[in-house]
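*Asks:* okay, here's the prediction I keep looking at, along with the sequence it came from:
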Amino acid sequence: MQTKTQLDKNYVKTKTQQLDKYYFKTKRMFLGMQGTDGLLYKVLIYGLLVGIGFVYLYPLLYMGVYSFKSLDDLLNPLVNWIPTQFYTGNYEQANQVLNFFSTLMETLYVTVLPALAQTAVAAVIGYGLARFEFKGKKIIFVLVLATFIIPPQVTLIPRYIFFNELNILGSLKAFMFPAMFGQGLNSAIFILIFYQFFRAVPKALEEAAQLDGAGHFRIFLTIALPMATPAIIISFLFSFVWYWNETYLAAIYFGDALTTLPLQLQKFVATYQKMFPAEMGLGENQLNEGIKMAGTVLSILPLLIVYFITQRWFVEGVDRSGITGE
Amino acid sequence: MKKLRNKNSITGLLFVSPWIIGFLIFTAFPLLYSLYLSFHEVKITTSGIKTKFIKFGNYEYAFVVDGSFLEKVTTYLEEMVISVPIIIVFSLIIALLLNQKIKFRGMFRTIFFLPVIIASGPVIKELIDQGITTIPSIEQYAIYQALNDNPEGFFNGILLYLIKNLIVILWYSGVQILIFLAALQKMDKQIFEAAKIDGASNWEFFWKITLPSLVPMIIVNLIYTIVMYSIFSLNPIIDHIQKNMFKVNTGFGYASALSWIYFIIIALALAISVGVMTLKGKKNYT
């Protein structure tokens, strides 16, 4: 027979067990157990991601919104994030100031060609370093890496004098020549990408072709290069973007002969004032931040479009091309 | 067999030859020539370039007469010491977040990589001019005002700089995130499971396994960040060099000297930071 106290004890025990169960259940829900993530953890992660993501997107959103604001909206402190009307006048003016389409064509001309040359040459050099053994290879490898840390300013002046003597300042050749010989913008990175890539690819196919009597250059062109498509795509894309955004060298080498969208953006204010002289205090003709923002949006828009089409390669290409391999 | 190896090495050299030629013409020679110019006074005349040997005159000028150069170098170093660790830590955090099993991973990756695409000098300058690079409406907070009232003092300066440039600093971290992320995804999942069975918490796992195995990637990112930070076209020193290049009384000679000083500073910064990281990494392993 059970006494009353024992019954009570049992009752308390089951009750505490029940409470424990609830406690663990909620704990598991919020903090997670081994292997599964709790709610709190997830909230934290998504919170951080969204928060940081917002910080990243904030300037873009700001640009986008302000570029559609008319002068009234800009002056009205109540209009903050949503313009009262869909105003495209800023874009019309910015388009005129940047001379958008012809500048775009010129920009493509001075970015796509060097990017192509740089990628092609980097593939050849990377292949040579990855597949062949020769004297001084280690030294060359170290020098390739060393070229990455040499600031362009150090070689800029002699190159400037040299190009001046060759009479290629102000033409695309000033970009093309270094790119064609593996000394373009960040060439070291692209050589490294191809080097890592070709080292990771098994040699068997190439050896078989060699036994069949194919020469090294034919093997490179017909077997190795088609395999390297991911590395080619990522090299070209990065090269393209970096050449596009390069304004320092472009300004010095090209002078006034060639221009790019970022360069036009750099002298946006000056060009605007020349085009729309602010005479007679006309409010309409004042340069306002809406027009400036429209100009900025226009100058990055082509890159944004390219990025959204190719972002899969940009982001995944880094793991696939094996930058991080040893 | 030996003949074959010989032939192979010639083919190898042939493949690398464009780089060797390019290196000699476009890098090695200009490097030496600018070193040569840095010890000379360079005058450009109609008959060509005239140089006059002035020993360390240009270097003396940089350190003694041209006060703004030294000033710019100190701010550059200060800002770099603050920004680079933040960029590295921050990109590591984002990479760790993105490495979790989360929804919309592709979308987040796209967003975090966006700055690499659009961050050219003029665009960033435009953004800074508009004041979009600070945390929205930070001026209203008491902390900011208190800091702004006394910008003296080391920590106040750092905080103020951080607040004012937060977005730009974060925008530098796109490529670094990708490198960390790729390394994280290559990590062996079995180590994680084994550690879990032994009762390691996520926290312990991160400090004892993830971080030590990331040390080589941290070094890679360190180098990348310092180089990119130093050659970014908005850097005041670069601007200074360019201005002196086309000035009449200073010219190419002085600009060459400046760029060599700058190069040595960057190389030193790289050597010190990589050295410290390697030592620390070794300590972690043993």
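*Replies:* Noted; the coordinates are in hand.
*Asks:* only C-alpha atoms from now on, for both contacts and neighbour counts.
*Replies:* Fine.
*Asks:* how about B:Lys43, secondary structure?
*Replies:* Classification of B:Lys43 using DSSP: H, G, I helix; E, B strand; the rest coil returns strand.
*Asks:* ok, now how distant is the residue nearest to it when sequence neighbours are not counted from B:Ile128?
*Replies:* Nearest non-adjacent residue to B:Lys43, counting by Cα to Cα, 6 or more residues apart in numbering or on different chains: B:Lys50, 5.1 Å away. Using Cα to Cα, to the nearest Å, B:Lys50 is found at 41 Å from B:Ile128.
*Asks:* neighbour count winner among the two?
*Replies:* Neighbour comparison, B:Lys50 and B:Ile128: the larger count goes to B:Ile128, with 17 against 12 (by other Cα atoms under 10 Å in any protein chain shown).
*Asks:* how about low-confidence regions in the chain?
*Replies:* All of this is about chain A. Chain A contains residues with pLDDT under 70 at A:1-4, A:7, A:25-38, A:77-79, A:278-286, A:315-326.
*Asks:* the intended chain is chain B.
*Replies:* In the predicted model of chain B, residues B:1-5, B:46-48, B:132-154, B:283-286 satisfy pLDDT under 70.
*Asks:* show me the domain layout of it.
*Replies:* With domains defined by automatic domain parsing, chain B comprises B:2-53, B:67-119+B:172-285.
*Asks:* tell me which of the ones you listed lies nearest to A:Phe190.
*Replies:* Closest to A:Phe190 of those, according to Cα to Cα: domain B:2-53, at 12.3 Å.
*Asks:* how far off centre is that closest one?
*Replies:* Centre-to-centre, domain B:2-53 and its host chain are 26 Å apart (Cα atoms, centre = their mean, to the nearest Å).
*Asks:* check stretch B:77-94 too.
*Replies:* How far stretch B:77-94 lies from its chain's middle: 10 Å, per Cα atoms, centre = their mean.
*Asks:* hang on, A:Glu106 in a strand?
*Replies:* No: secondary structure of A:Glu106 (three-state DSSP): helix, not part of a strand.
*Asks:* neighbours around it, how many?
*Replies:* A:Glu106 is flanked by 15 other residues according to other Cα under 10 Å.
*Asks:* go on, B:Lys280?
*Replies:* 13.
*Asks:* show me what the helix or strand hosting it is packed up against.
*Replies:* Assigned by DSSP states H and E, B:Lys280 belongs to helix B:251-285. The contact analysis (3 or more Cα pairs under 8 Å, 6 or more residues apart in numbering or on different chains; DSSP states H and E) places helix B:251-285 against helix A:152-166, helix B:29-38, strand B:40-45, helix B:57-60, helix B:211-231, helix B:236-245.
*Asks:* looking at the ones you listed, which is nearest to A:Lys267?
*Replies:* Evaluated with Cα to Cα, the helices and strands packed on helix B:251-285 place helix B:236-245 nearest to A:Lys267, the distance being 15.6 Å.
*Asks:* buried residues in that closest one, which are they?
*Replies:* Buried residues in helix B:236-245, counting neighbours by 16 or more other Cα atoms under 10 Å in any protein chain shown, are found at B:Pro236, B:Ile237, B:Ile238, B:His240, B:Ile241, B:Gln242, B:Asn244, B:Met245.
*Asks:* what is the most widely separated pair among these?
*Replies:* Using Cα to Cα, the buried residues of helix B:236-245 span at most 14.2 Å, a distance reached by B:Pro236 and B:Met245.
*Asks:* tell me how far the residue nearest the centre of chain B lies from B:Tyr161.
*Replies:* With distances taken as Cα atoms, centre = their mean, the residue of chain B nearest its centroid is B:Ile226 (2.1 Å). Going from B:Ile226 to B:Tyr161 by Cα to Cα gives 18 Å.
*Asks:* list the residues that contact the residue nearest to the centre of chain B.
*Replies:* B:Met80, B:Val84, B:Ile266, B:Ala269, B:Leu270 (Cα atoms under 8 Å, 6 or more residues apart in numbering or on different chains).
*Asks:* from these, which is closest to chain A?
*Replies:* Relative to chain A, the closest of the contacts of B:Ile226 is B:Ile266; by Cα to the nearest Cα it sits at 8.0 Å.
*Asks:* and chain A, what are its domains?
*Replies:* A:4-90, A:99-266.
*Asks:* just put these in JSON lines and tack on distance to chain B.
*Replies:* Output for those, formatted as JSON lines (distance: least, Cα to the nearest Cα, whole Å):
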{"stretch": "domain A:4-90", "distance to chain B": "6"}
{"stretch": "domain A:99-266", "distance to chain B": "4"}
